[in-house]
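A.B. asks: just the structure for this:
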Amino acid sequence: MSSSPLFQPLVLPNGSTLKNRLCKAAMEENLAVQPGQTPGEKLFTLYERWARGGVGMILSGNVMVDPSAMTGPGAVVLQKGTDLTPFKSWAQIGKSGGGQFWLQISHPGRQMYKSLGETAVSPSDVALDLGKFSDLFAPVRAIEANEIEDKIARFADTAEQAEAAGFDGVQIHAAHGYLVSQFLSPLTNKRADEWGGSLENRARFLLRIVEACRARVKPGFGIGVKLNSADFQRGGFAFEDARQVVEWLNGKGVDFVELSGGSYESPAMQGNPQEGSTGQREAYFIDFARDIAKVAEMPIMVTGGITKLTTAEEALTADDHGFGVQLLGIARAMASDPFLPRHWEAGENAEVALPKVGWKNTLAGLAVMALTKAQIERIAEGRNPGNGGAPALALAADQYRTARRAKRYRKWRTTC
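C.D. replies: Numbers count the residues shown, from 1 in each chain. So this is what the prediction gives:
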């Protein structure tokens, strides 16, 4: 076994063991174009290659808990009554390399594209502000109090279905400006009822989801949470808030907390790290994570911009008081090299080159995502990932695929 801390096993609170500390942490593949928004051959090919890459845990891209609320038109939906046959195949493929496979379960809230033909819900009717690109997103309304319990139940339904299909766990997505994150942030949660106002009230939605999911599944089934370390917007969810929420998650059967940051309006997860972070533009949230680890009873995972073997090893180094992170997400790096864990264990490809965009406008973030999606599309077709191509062409191709899949999604929605 390698002497590197990356390749030492980790026992989670639920008693399961990860073979190493590296996670393919939740890229948004948007490849599920099978009838019923279920996983198909392209996802199977993609995850088979990632599984063979030697990663300790695969976290899927967003798996939606509600068919009317999608991060994109090609996203997977898993809800009560879903035919589990393709999901059972997906689970087997994702675990075929000896690692665990967890589903990241999510609801986009207001971060939903207008082309899907749906009305978005959010804690309050605060529209997404992306300047001249705001019109790309669906109209938003404040969610009714009696609808909130339904959303909580949907997360629990999806967790129960995931266990039945053979996955090892679920991760509740409470970051990146999606619905749970919107409840946590005072910028998007202006409610005056029990779900808004104080941080305790704003965190109620997340805590209730965790409790509902844990009540539906067996003790050995994993439950994780992806949480913003901060929104990186003035007046938003702050680091001190994240620290308190992690303290509230202690004792609730959470097996790990992944720390990230930002949203569509402030995409810190794409490379706007806090001052003083490890490697400047790598391991963006490591300093926050080490501090939050001081109050966490569960392992802390950090994701965001880890591309170098040395940075990954340094990120696992505890501070002078013994506090540190125990899991690392390397999703974007694995879009460039799907076999990266095996390469790092062998001392190869010590620095992964990610696609870069030199633009200085709002489209830069979308172009970065488009380049990564282009790489993922190639992997799903059984090819090498390449570098994503020219940013403008990748962005145009992504928009074309999204429009085509949105049309297919709208047709499917008329039947369900």
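
A.B. asks: list the buried ones in stretch 102-121?
C.D. replies: Of all the residues in stretch 102-121, those buried under the rule 16 or more other CB atoms under 10 Å are 102-113, 115-116, 118, 120-121. C-betas here are computed from N, CA, C, even on glycine.

A.B. asks: all the helices of the chain, in order from the start?
C.D. replies: Residue ranges of the helices in the chain, as given by DSSP state H, are 41-52, 85-94, 145-165, 179-184, 199-202, 204-216, 239-249, 286-292, 309-315, 331-336, 340-345, 363-380, 391-413.

A.B. asks: tell me what the shortest one is packed against?
C.D. replies: Helix 199-202 makes packing contacts with helix 179-184, helix 239-249 when contacts are defined by 3 or more CB pairs under 8 Å, 6 or more residues apart in numbering; DSSP states H and E.

A.B. asks: mean confidence for the last one?
C.D. replies: If you average the pLDDT over helix 239-249, you get 96.

A.B. asks: how far out from the middle of the chain is that helix?
C.D. replies: 19 Å (CA atoms, centre = their mean, to the nearest Å).

A.B. asks: and it, which residues are buried?
C.D. replies: In helix 239-249, counting by 16+ other CB under 10 Å, buried: 239, 241-246, 249.

A.B. asks: coming back round to it: got TSV for the helices and strands packed on helix 199-202, with distance to R413 too?
C.D. replies: Output for these, formatted as TSV (distance: least, CB to CB, whole Å):
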stretch	distance to R413
helix 179-184	19
helix 239-249	34
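
A.B. asks: and of the helices of the chain, who's closest to V65?
C.D. replies: Among the helices of the chain, helix 145-165 comes nearest to V65, with 4.1 Å by CB to CB.

A.B. asks: which strands and helices sit next to that closest one?
C.D. replies: helix 85-94, strand 100-106, strand 169-174, helix 204-216.

A.B. asks: what angle do the longest one and strand 169-174 make?
C.D. replies: Angle of helix 204-216 versus strand 169-174, following axes from the mean of the first three to the mean of the last three CA atoms, to 10 degrees, is 170 degrees.

A.B. asks: hmm, who's touching helix 204-216?
C.D. replies: Identification of contacts with helix 204-216 by CB atoms under 8 Å, 6 or more residues apart in numbering yields 148, 151-153, 155-157, 159-160, 163, 170, 172, 174, 180, 183-184, 194-195, 223, 225, 245, 248-249, 252-254.

A.B. asks: try it again at 6 Å.
C.D. replies: For helix 204-216, the external contacting residues (CB atoms under 6 Å, 6 or more residues apart in numbering) are 152, 155-156, 159-160, 172, 174, 180, 183, 195, 223, 252-253.

A.B. asks: now the buried members of the residues you listed.
C.D. replies: Using 16+ other CB under 10 Å, the buried ones in the contacts of helix 204-216 are 152, 155-156, 159-160, 172, 174, 180, 183, 195, 223, 253.

A.B. asks: picking that back up, so for A397, which of the helices and strands packed on helix 145-165 sits nearest?
C.D. replies: So among the helices and strands packed on helix 145-165, strand 100-106 is nearest, using CB to CB, at 24.4 Å.

A.B. asks: so the closest one versus helix 85-94, what angle?
C.D. replies: Going by the same axes, to 10 degrees, strand 100-106 makes 130 degrees with helix 85-94.

A.B. asks: return the distance of strand 100-106 from the chain's centre.
C.D. replies: 9 Å.

A.B. asks: just stretch 84-104 next, same as before
C.D. replies: 17 Å.

A.B. asks: for stretch 90-110, same thing?
C.D. replies: With CA atoms, centre = their mean, you get 10 Å for stretch 90-110.

A.B. asks: cool, stretch 322-333 as well?
C.D. replies: 14 Å.

A.B. asks: outside of that stretch, which residues touch it?
C.D. replies: So stretch 322-333 is contacted by 10, 21-25, 27, 289-290, 293-294, 299-303, 306-307, 312, 315, 318, 340, 352, 354, 372 (CB under 6 Å, 6+ apart).
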